[in-house]
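Student: fold the stuff below for me.
(2 chains)
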Amino acid sequence: MPEMTKAAGGGPRPAYKRRLSNFLLDKKLQLRYVLLVVTLSGLIAGTLGYLLYHQRGLANDSLANQFRDPELARAMREIGNTAVNEFENDDLWLVAKMIAAGLGLVVVLSAYLVIMTHKVAGPLYKVGLYFDKMADGKLGNVTPLRRGDMLQDFYVAFRDMHVAVRDRLVDDGHQMEAAVAELAATGKVDDATEAFAKHLDDRKKRLA
Amino acid sequence: MTGRLDELERGSTRIFWTLIASGIVLAIGLAIYGIKTTHKVAGPLFKVRLYFAKMKEGRFDTVYPLRKGDQLVDFYEHFRSAHAGVVAFEKADIAKLKALITAAEAAGQGDHASVATLREILARKEKALA
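Tutor: Next up, the predicted model:
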(Lines give C-alpha, C1' and ligand atoms only; values in the text may rest on other atoms or scores of the structure.)
Protein backbone atom coordinates (compact mmCIF):
# COMPACT_ATOMS: atom_id res chain seq x y z
CA MET A 1 0.00 0.00 0.00
CA PRO A 2 0.99 3.60 -0.28
CA GLU A 3 4.06 5.10 1.21
CA MET A 4 4.82 8.71 1.93
CA THR A 5 5.81 10.56 -1.20
CA LYS A 6 7.61 13.47 0.42
CA ALA A 7 10.76 14.29 -1.50
CA ALA A 8 14.00 13.94 0.44
CA GLY A 9 15.15 17.19 1.99
CA GLY A 10 11.74 18.75 1.48
CA GLY A 11 12.51 19.56 -2.17
CA PRO A 12 10.02 19.43 -5.03
CA ARG A 13 8.51 16.03 -5.75
CA PRO A 14 9.78 14.43 -9.01
CA ALA A 15 7.36 14.51 -11.95
CA TYR A 16 4.95 11.59 -12.17
CA LYS A 17 5.92 9.09 -14.86
CA ARG A 18 3.17 7.02 -16.44
CA ARG A 19 4.41 3.43 -16.53
CA LEU A 20 2.72 0.08 -17.08
CA SER A 21 3.66 -0.99 -13.53
CA ASN A 22 1.76 2.05 -12.19
CA PHE A 23 -1.46 0.51 -13.43
CA LEU A 24 -1.08 -2.32 -10.91
CA LEU A 25 -1.25 -0.30 -7.70
CA ASP A 26 -2.95 -3.06 -5.75
CA LYS A 27 -1.66 -6.19 -7.48
CA LYS A 28 -3.50 -8.63 -5.24
CA LEU A 29 -6.89 -6.99 -5.86
CA GLN A 30 -6.46 -6.22 -9.55
CA LEU A 31 -4.79 -9.44 -10.71
CA ARG A 32 -7.32 -11.55 -8.87
CA TYR A 33 -10.16 -10.23 -11.02
CA VAL A 34 -8.04 -10.38 -14.15
CA LEU A 35 -7.10 -14.01 -13.50
CA LEU A 36 -10.68 -15.05 -12.77
CA VAL A 37 -12.29 -13.46 -15.82
CA VAL A 38 -9.52 -14.57 -18.13
CA THR A 39 -9.63 -18.15 -16.84
CA LEU A 40 -13.41 -18.29 -17.16
CA SER A 41 -13.36 -16.80 -20.64
CA GLY A 42 -10.56 -19.14 -21.68
CA LEU A 43 -12.42 -22.20 -20.42
CA ILE A 44 -15.63 -21.22 -22.20
CA ALA A 45 -13.92 -20.19 -25.41
CA GLY A 46 -11.87 -23.41 -25.32
CA THR A 47 -14.91 -25.62 -24.82
CA LEU A 48 -16.87 -23.92 -27.57
CA GLY A 49 -13.86 -24.00 -29.85
CA TYR A 50 -13.41 -27.71 -29.26
CA LEU A 51 -17.08 -28.36 -30.05
CA LEU A 52 -16.88 -26.32 -33.25
CA TYR A 53 -13.70 -28.05 -34.28
CA HIS A 54 -15.16 -31.45 -33.57
CA GLN A 55 -18.29 -30.64 -35.56
CA ARG A 56 -16.22 -29.31 -38.43
CA GLY A 57 -14.17 -32.52 -38.37
CA LEU A 58 -17.29 -34.63 -38.56
CA ALA A 59 -18.56 -32.63 -41.53
CA ASN A 60 -15.24 -32.89 -43.33
CA ASP A 61 -14.94 -36.62 -42.65
CA SER A 62 -18.42 -37.14 -43.96
CA LEU A 63 -17.71 -35.31 -47.18
CA ALA A 64 -14.32 -36.95 -47.55
CA ASN A 65 -15.90 -40.36 -47.16
CA GLN A 66 -18.26 -39.56 -50.00
CA PHE A 67 -15.27 -38.84 -52.21
CA ARG A 68 -13.61 -42.05 -51.05
CA ASP A 69 -16.55 -43.99 -52.37
CA PRO A 70 -15.06 -46.48 -54.94
CA GLU A 71 -17.40 -45.49 -57.77
CA LEU A 72 -16.87 -41.79 -57.24
CA ALA A 73 -13.18 -42.32 -56.68
CA ARG A 74 -12.78 -43.92 -60.02
CA ALA A 75 -14.53 -41.02 -61.73
CA MET A 76 -13.24 -38.19 -59.64
CA ARG A 77 -10.02 -39.47 -58.08
CA GLU A 78 -8.07 -36.30 -58.68
CA ILE A 79 -10.84 -33.95 -57.58
CA GLY A 80 -11.44 -36.10 -54.51
CA ASN A 81 -7.81 -36.08 -53.42
CA THR A 82 -7.63 -32.32 -53.85
CA ALA A 83 -10.81 -31.84 -51.85
CA VAL A 84 -9.55 -34.06 -48.98
CA ASN A 85 -6.28 -32.10 -48.87
CA GLU A 86 -8.19 -28.83 -48.81
CA PHE A 87 -10.35 -30.03 -45.95
CA GLU A 88 -7.22 -31.00 -43.96
CA ASN A 89 -5.69 -27.60 -44.65
CA ASP A 90 -8.93 -25.90 -43.63
CA ASP A 91 -8.86 -27.79 -40.35
CA LEU A 92 -5.33 -26.59 -39.60
CA TRP A 93 -6.31 -23.02 -40.43
CA LEU A 94 -9.33 -23.30 -38.17
CA VAL A 95 -7.11 -24.42 -35.27
CA ALA A 96 -4.68 -21.56 -35.93
CA LYS A 97 -7.53 -19.02 -36.09
CA MET A 98 -9.05 -20.30 -32.85
CA ILE A 99 -5.68 -20.11 -31.05
CA ALA A 100 -5.17 -16.56 -32.35
CA ALA A 101 -8.70 -15.56 -31.33
CA GLY A 102 -8.18 -17.10 -27.86
CA LEU A 103 -4.89 -15.29 -27.33
CA GLY A 104 -6.47 -12.05 -28.58
CA LEU A 105 -9.33 -12.48 -26.14
CA VAL A 106 -6.90 -13.05 -23.25
CA VAL A 107 -4.79 -9.99 -24.15
CA VAL A 108 -7.78 -7.67 -24.68
CA LEU A 109 -9.55 -8.83 -21.52
CA SER A 110 -6.38 -8.54 -19.42
CA ALA A 111 -5.65 -5.03 -20.68
CA TYR A 112 -9.25 -3.92 -20.18
CA LEU A 113 -9.45 -5.29 -16.65
CA VAL A 114 -6.08 -3.86 -15.60
CA ILE A 115 -7.18 -0.41 -16.84
CA MET A 116 -10.62 -0.72 -15.26
CA THR A 117 -9.33 -1.87 -11.88
CA HIS A 118 -6.64 0.83 -12.04
CA LYS A 119 -9.43 3.41 -12.12
CA VAL A 120 -10.70 1.94 -8.86
CA ALA A 121 -7.34 1.26 -7.22
CA GLY A 122 -6.03 4.72 -8.20
CA PRO A 123 -8.42 6.74 -6.01
CA LEU A 124 -7.95 4.27 -3.14
CA TYR A 125 -4.19 4.64 -3.47
CA LYS A 126 -4.51 8.42 -3.41
CA VAL A 127 -6.79 8.37 -0.37
CA GLY A 128 -4.31 5.95 1.24
CA LEU A 129 -1.55 8.54 0.83
CA TYR A 130 -3.69 11.13 2.63
CA PHE A 131 -4.47 8.55 5.33
CA ASP A 132 -0.73 8.13 5.91
CA LYS A 133 -0.37 11.89 6.34
CA MET A 134 -3.36 12.03 8.69
CA ALA A 135 -1.84 9.18 10.72
CA ASP A 136 1.16 11.47 11.27
CA GLY A 137 -1.21 14.25 12.33
CA LYS A 138 -0.66 16.20 9.09
CA LEU A 139 -3.76 17.65 7.46
CA GLY A 140 -2.71 19.63 4.43
CA ASN A 141 -4.84 20.39 1.37
CA VAL A 142 -6.56 17.64 -0.65
CA THR A 143 -6.39 17.82 -4.47
CA PRO A 144 -9.17 16.50 -6.74
CA LEU A 145 -9.13 13.14 -8.54
CA ARG A 146 -8.17 12.76 -12.21
CA ARG A 147 -10.96 12.79 -14.75
CA GLY A 148 -12.13 9.28 -15.59
CA ASP A 149 -11.27 7.86 -12.18
CA MET A 150 -13.95 5.83 -10.46
CA LEU A 151 -15.12 6.17 -6.81
CA GLN A 152 -15.69 9.92 -7.31
CA ASP A 153 -18.49 9.95 -4.68
CA PHE A 154 -16.27 8.20 -2.15
CA TYR A 155 -13.45 10.64 -2.82
CA VAL A 156 -15.77 13.64 -2.45
CA ALA A 157 -16.96 12.25 0.90
CA PHE A 158 -13.32 11.86 1.98
CA ARG A 159 -12.42 15.37 0.86
CA ASP A 160 -15.45 16.90 2.62
CA MET A 161 -14.47 15.12 5.84
CA HIS A 162 -10.82 16.14 5.51
CA VAL A 163 -11.74 19.78 4.87
CA ALA A 164 -14.21 19.83 7.80
CA VAL A 165 -11.69 18.28 10.23
CA ARG A 166 -8.93 20.60 9.07
CA ASP A 167 -11.14 23.73 9.22
CA ARG A 168 -12.28 22.84 12.73
CA LEU A 169 -8.71 22.29 13.93
CA VAL A 170 -7.58 25.56 12.32
CA ASP A 171 -10.50 27.40 13.91
CA ASP A 172 -9.69 25.84 17.30
CA GLY A 173 -6.12 27.01 16.84
CA HIS A 174 -7.24 30.62 16.24
CA GLN A 175 -9.50 30.55 19.29
CA MET A 176 -6.81 29.02 21.51
CA GLU A 177 -4.21 31.45 20.22
CA ALA A 178 -6.42 34.44 21.06
CA ALA A 179 -7.27 33.07 24.49
CA VAL A 180 -3.63 32.28 25.30
CA ALA A 181 -2.59 35.76 24.19
CA GLU A 182 -5.11 37.26 26.61
CA LEU A 183 -3.92 34.97 29.38
CA ALA A 184 -0.26 35.74 28.67
CA ALA A 185 -1.06 39.46 28.96
CA THR A 186 -1.82 38.95 32.66
CA GLY A 187 1.85 37.94 33.11
CA LYS A 188 0.96 35.36 35.75
CA VAL A 189 1.24 32.10 33.82
CA ASP A 190 4.24 32.73 31.58
CA ASP A 191 5.72 29.20 31.62
CA ALA A 192 2.41 27.53 30.78
CA THR A 193 1.50 30.02 28.04
CA GLU A 194 4.96 29.68 26.48
CA ALA A 195 4.64 25.88 26.44
CA PHE A 196 1.20 26.23 24.89
CA ALA A 197 2.47 28.67 22.28
CA LYS A 198 5.02 26.03 21.20
CA HIS A 199 2.20 23.52 20.90
CA LEU A 200 0.25 26.00 18.74
CA ASP A 201 3.27 26.48 16.46
CA ASP A 202 3.58 22.73 16.02
CA ARG A 203 -0.14 22.54 15.19
CA LYS A 204 0.21 25.24 12.54
CA LYS A 205 3.01 23.34 10.82
CA ARG A 206 0.93 20.16 10.72
CA LEU A 207 -2.07 21.98 9.29
CA ALA A 208 -0.09 23.94 6.70
CA MET B 1 -25.52 -41.23 -45.68
CA THR B 2 -28.81 -40.46 -43.91
CA GLY B 3 -27.27 -41.54 -40.58
CA ARG B 4 -24.33 -39.22 -41.13
CA LEU B 5 -26.58 -36.31 -41.95
CA ASP B 6 -28.68 -37.00 -38.84
CA GLU B 7 -25.49 -37.10 -36.75
CA LEU B 8 -24.36 -33.76 -38.22
CA GLU B 9 -27.76 -32.21 -37.51
CA ARG B 10 -27.73 -33.53 -33.94
CA GLY B 11 -24.23 -32.09 -33.53
CA SER B 12 -25.39 -28.68 -34.72
CA THR B 13 -28.34 -28.74 -32.36
CA ARG B 14 -26.04 -29.80 -29.50
CA ILE B 15 -23.70 -26.90 -30.22
CA PHE B 16 -26.60 -24.47 -30.34
CA TRP B 17 -27.96 -25.56 -26.95
CA THR B 18 -24.47 -25.73 -25.44
CA LEU B 19 -23.93 -22.14 -26.54
CA ILE B 20 -27.23 -21.06 -24.97
CA ALA B 21 -26.56 -23.01 -21.75
CA SER B 22 -22.97 -21.74 -21.52
CA GLY B 23 -24.18 -18.18 -21.98
CA ILE B 24 -26.80 -18.51 -19.26
CA VAL B 25 -24.42 -20.28 -16.83
CA LEU B 26 -21.70 -17.70 -17.54
CA ALA B 27 -24.09 -14.78 -17.03
CA ILE B 28 -25.54 -16.17 -13.79
CA GLY B 29 -22.14 -17.31 -12.46
CA LEU B 30 -20.43 -14.01 -13.20
CA ALA B 31 -23.40 -12.05 -11.79
CA ILE B 32 -23.35 -14.00 -8.51
CA TYR B 33 -19.59 -13.79 -8.20
CA GLY B 34 -19.66 -10.10 -9.17
CA ILE B 35 -22.28 -9.26 -6.57
CA LYS B 36 -20.46 -11.19 -3.82
CA THR B 37 -17.06 -9.74 -4.69
CA THR B 38 -18.20 -6.17 -5.13
CA HIS B 39 -20.12 -6.45 -1.88
CA LYS B 40 -16.90 -7.41 -0.11
CA VAL B 41 -15.28 -4.30 -1.63
CA ALA B 42 -18.28 -1.97 -1.33
CA GLY B 43 -18.93 -3.00 2.30
CA PRO B 44 -15.68 -1.58 3.72
CA LEU B 45 -16.03 1.54 1.55
CA PHE B 46 -19.56 2.05 2.86
CA LYS B 47 -18.33 1.60 6.43
CA VAL B 48 -15.50 4.07 5.91
CA ARG B 49 -17.98 6.59 4.48
CA LEU B 50 -20.06 6.32 7.65
CA TYR B 51 -16.95 7.16 9.69
CA PHE B 52 -16.21 10.04 7.29
CA ALA B 53 -19.67 11.45 8.07
CA LYS B 54 -19.01 11.17 11.82
CA MET B 55 -15.58 12.78 11.54
CA LYS B 56 -17.05 15.58 9.44
CA GLU B 57 -19.43 16.31 12.33
CA GLY B 58 -16.52 16.29 14.79
CA ARG B 59 -17.14 12.85 16.28
CA PHE B 60 -14.12 10.58 16.67
CA ASP B 61 -15.44 7.57 18.54
CA THR B 62 -14.08 4.00 18.22
CA VAL B 63 -13.42 2.49 14.78
CA TYR B 64 -14.43 -1.18 14.75
CA PRO B 65 -12.68 -3.87 12.64
CA LEU B 66 -14.03 -5.20 9.35
CA ARG B 67 -16.08 -8.38 9.04
CA LYS B 68 -14.23 -11.61 8.24
CA GLY B 69 -13.90 -12.10 4.49
CA ASP B 70 -14.15 -8.40 3.61
CA GLN B 71 -11.72 -7.04 1.02
CA LEU B 72 -9.65 -3.82 1.27
CA VAL B 73 -8.25 -4.88 4.64
CA ASP B 74 -5.01 -2.92 4.11
CA PHE B 75 -6.93 0.16 3.00
CA TYR B 76 -9.16 -0.07 6.07
CA GLU B 77 -6.13 -0.36 8.34
CA HIS B 78 -4.77 2.82 6.73
CA PHE B 79 -8.07 4.51 7.53
CA ARG B 80 -7.86 3.34 11.15
CA SER B 81 -4.35 4.79 11.36
CA ALA B 82 -5.61 8.09 9.91
CA HIS B 83 -8.47 8.17 12.40
CA ALA B 84 -6.01 7.42 15.21
CA GLY B 85 -3.81 10.26 13.94
CA VAL B 86 -6.65 12.78 14.21
CA VAL B 87 -7.60 11.39 17.65
CA ALA B 88 -3.96 11.79 18.75
CA PHE B 89 -4.05 15.39 17.47
CA GLU B 90 -7.15 16.08 19.57
CA LYS B 91 -5.67 14.29 22.61
CA ALA B 92 -2.53 16.43 22.39
CA ASP B 93 -4.75 19.54 22.40
CA ILE B 94 -6.68 18.19 25.38
CA ALA B 95 -3.51 17.44 27.37
CA LYS B 96 -2.04 20.89 26.67
CA LEU B 97 -5.35 22.64 27.42
CA LYS B 98 -5.68 20.79 30.73
CA ALA B 99 -2.12 21.73 31.71
CA LEU B 100 -2.70 25.39 30.82
CA ILE B 101 -6.06 25.60 32.62
CA THR B 102 -4.57 23.95 35.72
CA ALA B 103 -1.64 26.40 35.68
CA ALA B 104 -4.01 29.36 35.24
CA GLU B 105 -6.18 28.18 38.15
CA ALA B 106 -3.09 27.68 40.32
CA ALA B 107 -2.05 31.27 39.50
CA GLY B 108 -5.48 32.58 40.53
CA GLN B 109 -6.62 33.22 36.95
CA GLY B 110 -9.37 30.56 36.90
CA ASP B 111 -12.10 33.18 36.46
CA HIS B 112 -10.38 34.92 33.55
CA ALA B 113 -12.53 35.12 30.40
CA SER B 114 -9.81 33.47 28.30
CA VAL B 115 -9.76 30.46 30.65
CA ALA B 116 -13.52 30.10 30.21
CA THR B 117 -12.97 29.98 26.44
CA LEU B 118 -10.26 27.35 26.87
CA ARG B 119 -12.59 25.29 29.07
CA GLU B 120 -15.29 25.41 26.34
CA ILE B 121 -12.82 24.19 23.73
CA LEU B 122 -11.59 21.48 26.09
CA ALA B 123 -15.14 20.28 26.79
CA ARG B 124 -15.94 20.13 23.05
CA LYS B 125 -12.79 18.17 22.30
CA GLU B 126 -13.42 15.70 25.12
CA LYS B 127 -16.98 15.20 23.90
CA ALA B 128 -15.71 14.54 20.35
CA LEU B 129 -13.63 11.61 21.62
CA ALA B 130 -16.29 10.16 23.90
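Student: now A:Leu94: which helix or strand?
Tutor: Using DSSP states H and E, A:Leu94 sits in helix A:70-135.
Student: packing partners for that helix?
Tutor: The helices and strands touching helix A:70-135, judged by 3 or more Cβ pairs under 8 Å, 6 or more residues apart in numbering or on different chains; DSSP states H and E, are helix A:27-68, helix A:152-185, helix B:73-106. For every residue, glycine as well, the C-beta is placed using N, CA and C.
Student: quick one, which of those helices is nearest to B:Ala53?
Tutor: Closest to B:Ala53 of the helices and strands packed on helix A:70-135 is helix A:152-185 (Cβ to Cβ; 7.4 Å).
Student: helices or strands up against the closest one?
Tutor: Helix A:152-185 packs on helix A:70-135, helix A:190-207, helix B:2-56, helix B:73-106, helix B:113-129, going by 3+ Cβ pairs under 8 Å, 6+ apart.
Student: how about 6 Å then?
Tutor: Using 3 or more Cβ pairs under 6 Å, 6 or more residues apart in numbering or on different chains; DSSP states H and E as the contact test, the elements touching helix A:152-185 are helix A:190-207, helix B:2-56, helix B:113-129.
Student: before we move on, the earlier item: make a markdown table out of the helices and strands packed on helix A:70-135 and add mean pLDDT and distance to A:Ala101.
Tutor: Output for these, formatted as a markdown table (pLDDT from 0 to 100; distance: least, Cβ to Cβ, whole Å):
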| stretch | mean pLDDT | distance to A:Ala101 |
| --- | --- | --- |
| helix A:27-68 | 73 | 7 |
| helix A:152-185 | 93 | 36 |
| helix B:73-106 | 94 | 38 |
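Student: which among the helices and strands packed on helix A:152-185 is found nearest to A:His162?
Tutor: Of all those, helix B:2-56 comes closest under Cβ to Cβ, at 8.6 Å.
Student: tilt between that closest one and helix A:27-68?
Tutor: With axes from the mean of the first three to the mean of the last three Cα atoms, to 10 degrees as the basis, helix B:2-56 and helix A:27-68 are set at 170 degrees to each other.
Student: spit out the contact partners of the residue lying closest to A:Val170 once chain neighbours are set aside.
Tutor: Excluding its sequence neighbours, the residue lying closest to A:Val170 (Cβ to Cβ, 6 or more residues apart in numbering or on different chains) is A:Leu207, at 5.6 Å. Going by Cβ atoms under 6 Å, 6 or more residues apart in numbering or on different chains, A:Leu207 touches A:Leu139, A:Leu169, A:Val170.
Student: got the confidence number for A:Leu207?
Tutor: With respect to pLDDT, A:Leu207 scores 86.
Student: how far away is it from B:Val87?
Tutor: Distance from A:Leu207 to B:Val87, counting by Cβ to Cβ, to the nearest Å: 16 Å.
Student: and what of A:Asn89?
Tutor: Note on A:Asn89: its distance to B:Val87, by Cβ to Cβ, is 74 Å.
Student: for the two, indicate the residue with more neighbours.
Tutor: Neighbour count, other Cβ atoms under 10 Å in any protein chain shown: between A:Asn89 and B:Val87, B:Val87 has more, with 18 against 10.
Student: ok, for that one, nearest residue in space, not its chain neighbours?
Tutor: Leaving aside its chain neighbours, B:Val87 sits nearest to B:Phe60 (5.1 Å; criterion: Cβ to Cβ, 6+ apart).
Student: does that neighbour count as helix, strand or coil?
Tutor: Here B:Phe60 is recorded as coil under DSSP: H, G, I helix; E, B strand; the rest coil.
Student: pull the number of nearby residues for it.
Tutor: B:Phe60: 21 surrounding residues under other Cβ under 10 Å.
Student: ok, it - contacts?
Tutor: The neighbours of B:Phe60, taking Cβ under 6 Å, 6+ apart as the test, are B:Val87, B:Ala128, B:Leu129.
Student: please repeat the previous calculation with a cut-off of 10 Å.
Tutor: A:165, B:51, B:54, B:83-84, B:86-87, B:89-91, B:125, B:128-130 (Cβ atoms under 10 Å, 6 or more residues apart in numbering or on different chains).
Student: again with B:Lys54
Tutor: Each residue near B:Lys54 by Cβ under 10 Å, 6+ apart is listed here: A:Met161, B:Phe60, B:Asp61, B:Val63, B:His83, B:Ala128.
Student: you'd agree B:Ser12 is up against A:Gln55?
Tutor: Yes: under the criterion of Cβ atoms under 10 Å, B:Ser12 makes contact with A:Gln55 at 6.8 Å.
Student: ok, A:Ser62 touching B:Glu7?
Tutor: Yes: A:Ser62 is within contact range of B:Glu7, at 8.1 Å (criterion: Cβ under 10 Å).
Student: and A:Lys138, backbone torsions?
Tutor: Backbone geometry at A:Lys138, expressed as degrees, to the nearest 10, gives phi -100, psi 120.
Student: distance of the residue nearest to the spatial centre of chain B relative to chain A?
Tutor: Central residue of chain B (Cα atoms, centre = their mean): B:Val48, 2.3 Å from the mean position. Distance of B:Val48 to chain A, computed by Cβ to the nearest Cβ, to the nearest Å: 8 Å.
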